[in-house]
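Q: quick check, what structure comes out for this input:
(one chain, ligands or ions: 1)
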Amino acid sequence: MSEAVSERAFRGQVTLDGPSGTGKSSVARAVAARLGAAYLDTGAMYRAATVAVLDAGVDPEDGEAVARVVAGARIEVGTDAGTERVAVDGTDVAERIRGAEVTRTVSAVSAVPAVRRRLVDQQRGLVAAADAVVVEGRDIGTVVLPDATVKVYLTAAPEARAQRRAAQLGLTTPGEIAELAADLRRRDEYDSSRADSPLRPAADAVVVDSTDLGREQVVDRVVELARSAVEVRS
Ligand code: DC
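A: Sure, this is the predicted structure:
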């Protein structure tokens with residue numbers, strides 16, 4: 001069997017968790033494309049919920065108000081690795097969810113348990129509809145899909161993550177990079193210490209440190225893990 005055929009024979013779920021700035025999204029999309037699998041970006045769903053909260057004008061730290069707004073919002077995400085589709089109540093927010101205001105506010109919104117319950121239900125429904133899917137987030141291997149076929153926890157040194165983020169945003173001065181590193185640390189701390197579904201590797205996850213690896217090397221490693229899972233099962 002050729003390599004491409006065995007990659008495409010993958011059926012099941014690959015979970016990709018880890019902090020921001022590890023290159024997780026581009027790895028997840030590339031892995032999904034190689035496996036011919038669907039792709040679900042759960043961070044985009046928390047970001048879309050944050051758009052609803054900002055537009056409603058409620059205090060993002062007021063958990064009850066946040067839960068109420070998110071319960072009433074229609075959040076839609078696409079599961080095609082090649083195109084990004086994210087909408088709130090029918091309005092396309094794909095660009096807006098990457099903006100500074102949403103990025104600043106999303107940790108508070110994603111820490112609200114009722115928001116997580118609602119989005120986790122939706123995530124499980126989307127996953128159930130796909131034969132093969134790559135799902136990226138923070139709690140996918142631990143909470144959303146504890147029985148996933150392959151679990152990967154992608155990490156990297158904070159400096160490497162800040163450099164990568166800076167390159168994406170076109171920032172070059174040491175001050176800007178230091179600010180990004182501080183923001184990453186703040187979000188890590190918040191995401192790892194929240195009471196509900198904190199960021200941590202699942203006990204059965206393979207931890208991949210991308211500090212000294214190029215994107216293609218990480219993609220190869222994850223595809224290899226998915227392929228061995230198929231071989232073990234068939
Ligand atoms: O991956 P991202 O940067 O787009 O995620 C945005 C935020 O959403 C991040 O601060 C943590 C949160 N998040 C989460 O709590 N659980 C997930 N499964 C995915 C993201």
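
Q: pLDDT weak spots in this structure?
A: For the chain, the stretches with pLDDT under 70 are 1-7, 231-234.

Q: which residues touch Arg11?
A: Asp131, Ala132, Thr149, Val230 (C-beta atoms under 8 Å, 6 or more residues apart in numbering). Where C-beta positions appear, they are placed from N, C-alpha and C, glycine not excepted.

Q: same thing but 6 Å
A: Under the criterion of C-beta atoms under 6 Å, 6 or more residues apart in numbering, the contact list for Arg11 reads Asp131, Ala132.

Q: again, but for Pro113
A: Counting by C-beta under 6 Å, 6+ apart, Pro113 touches Asp196.

Q: pull the residues that contact stretch 61-68.
A: Residues from elsewhere that reach stretch 61-68 (C-beta under 6 Å, 6+ apart): Val53, Val58, Ala108, Val109, Val112, Ala114.

Q: what's the closest of these to the ligand?
A: Val109 (7.9 Å; C-beta to the nearest ligand atom).

Q: the closest one: neighbour count?
A: In terms of burial, Val109 registers 26 neighbours under the definition other C-beta atoms under 10 Å.

Q: and if you look at Glu216?
A: When counting by other C-beta under 10 Å, one arrives at 10 neighbours for Glu216.

Q: what's the answer for Leu119, then?
A: Residues contacting Leu119 under the criterion other C-beta under 10 Å number 21.
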